[in-house]
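[1] heads up, no residue letters with this:
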């Protein structure tokens with residue numbers, strides 16, 4: 001094929017490749033959410049004509065539309081290295097894999113460079129019944145899976161414009177390898193940090209079950225605070241952002257579990273009454289009222305520490321705070 005023929009054929013196929021990329025991205029987003037695999041981003045790109053022709057010329061392809069497998073490229077950026085394999089399992093279950101390659105396997109024991117998992121795939125025949133996938137059965141695409149740090153390294157390496165180690169001036173090769181090694185080590189340490197936090201949370205929950213109570217002497221942090229709230233309100237599901245904001249306010253007030261437990265112990269029996277008072281005052285609550293109850297409880301307990309927050313609320317909320325502060329004032333002694 002000459003350049004004009006390639007250009008015409010590329011323009012004819014371009015819309016289908018864009019459709020392929022868009023549909024696969026949407027499918028992957030659904031698959032990963034179903035498997036509870038967190039990801040930062042999933043996106044696609046279709047090669048530009050100039051880039052496509054340049055690759056045809058460099059590789060001397062006779063059948064470029066069959067030989068070039070990354071005309072449509074999809075990238076999945078995840079958080080942790082262990083999720084790369086989980087994502088790979090999803091790709092294997094949902095797509096027809098033609099080829100797969102782990103770029104890390106290409107590195108020697110003393111080499112550090114670009115790392116990523118690549119797949120060349122086609123859609124499964126069963127998908128062709130859907131209008132979105134019609135006429136896409138003969139198209140291939142490349143799926144790249146990498147962590148945020150792998151992605152950062154690849155982007156920086158690309159910006160430096162070195163396509164191989166041999167291109168890097170000798171005086172800079174060692175520094176480049178050291179930086180790459182730090183990225184790889186950071187990926188491992190983030191994984192260890194996540195696993196450590198998961199273990200910590202598991203141990204807190206086991207401690208509650210074994211002692212049949214919550215240890216108020218332990219470290220006051222967001223993880224232990226979330227578990228305390230769940231311990232006190234097992235049937236409620238407070239908004240996690242609200243819980244985090246409340247934790248920050250309690251921390252700034254230099255309070256801990258003893259103070260929080262005093263509040264909950266004294267006000268929890270009046271949960272429905274307090275929420276009814278809020279409703280009667282015209283203050284709207286949501287999410288079973290748990291978020292409002294937690295906030296107003298700490299407000300009732302400590303006016304000075306929470307005054308800056310309370311001052312921005314409507315007067316009806318403040319009226320309920322003052323009422324229950326009067327009712328429970330002796331409870332805090």
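    Good, I have the coordinates. Because the structure is a prediction, the values reported are computed rather than measured.

[2] distance of residue 95 from residue 25?
    13 Å (Cβ to Cβ, to the nearest Å). Every C-beta, even on glycine, is put in place using the N, C-alpha and C of the backbone.

[3] more neighbours, those two?
    Neighbour totals were compared for residue 95 and residue 25, and residue 95 leads with 21 against 18 (other Cβ atoms under 10 Å).

[4] list the contacts for the more buried one?
    By Cβ atoms under 8 Å, 6 or more residues apart in numbering, residue 95 lies in contact with 119, 121, 122, 123, 124, 143.

[5] what separation is there between the closest residue to the second one other than its chain neighbours and residue 235?
    In this case it means residue 121. Distances taken as Cβ to Cβ, 6 or more residues apart in numbering place residue 95 nearest to residue 121, at 4.0 Å, with adjacent residues excluded. To residue 235, residue 95 is 41 Å away according to Cβ to Cβ.

[6] which regions of the chain sit below the pLDDT cut-off?
    Scanning the chain with the threshold set as pLDDT under 70 gives 1, 103-115, 161-166, 303-314, 332-333.

[7] after the longest helix seen in it, heading C-terminal, what element do we hit next?
    Longest among the helix segments of the chain by residue count, using DSSP state H, is helix 170-211. Proceeding N to C from helix 170-211, the next assigned helix or strand is helix 222-232, under DSSP states H and E.

[8] what's that following helix packed up against?
    The contact analysis (3 or more Cβ pairs under 8 Å, 6 or more residues apart in numbering; DSSP states H and E) places helix 222-232 against helix 170-211, helix 240-252, helix 257-267.

[9] quick one, which of these is packed in tightest?
    helix 257-267 (a mean of 18; mean count of other Cβ atoms under 10 Å).

[10] ok, then the element right after it?
    helix 271-280.

[11] ok, the closest residue to residue 207 other than its chain neighbours to residue 253 distance?
    Once flanking residues are discounted, residue 207 sits nearest to residue 215: 6.4 Å by Cβ to Cβ, 6+ apart. Applying Cβ to Cβ, the value for residue 215 to residue 253 is 21 Å.

[12] kindly report the same for residue 268.
    From residue 268 to residue 253 the distance is 20 Å (Cβ to Cβ).

[13] do the same with residue 76
    42 Å.

[14] more crowded one of the two?
    Comparing residue 76 with residue 253 by other Cβ under 10 Å, the one with more neighbours is residue 76, at 29 against 15.
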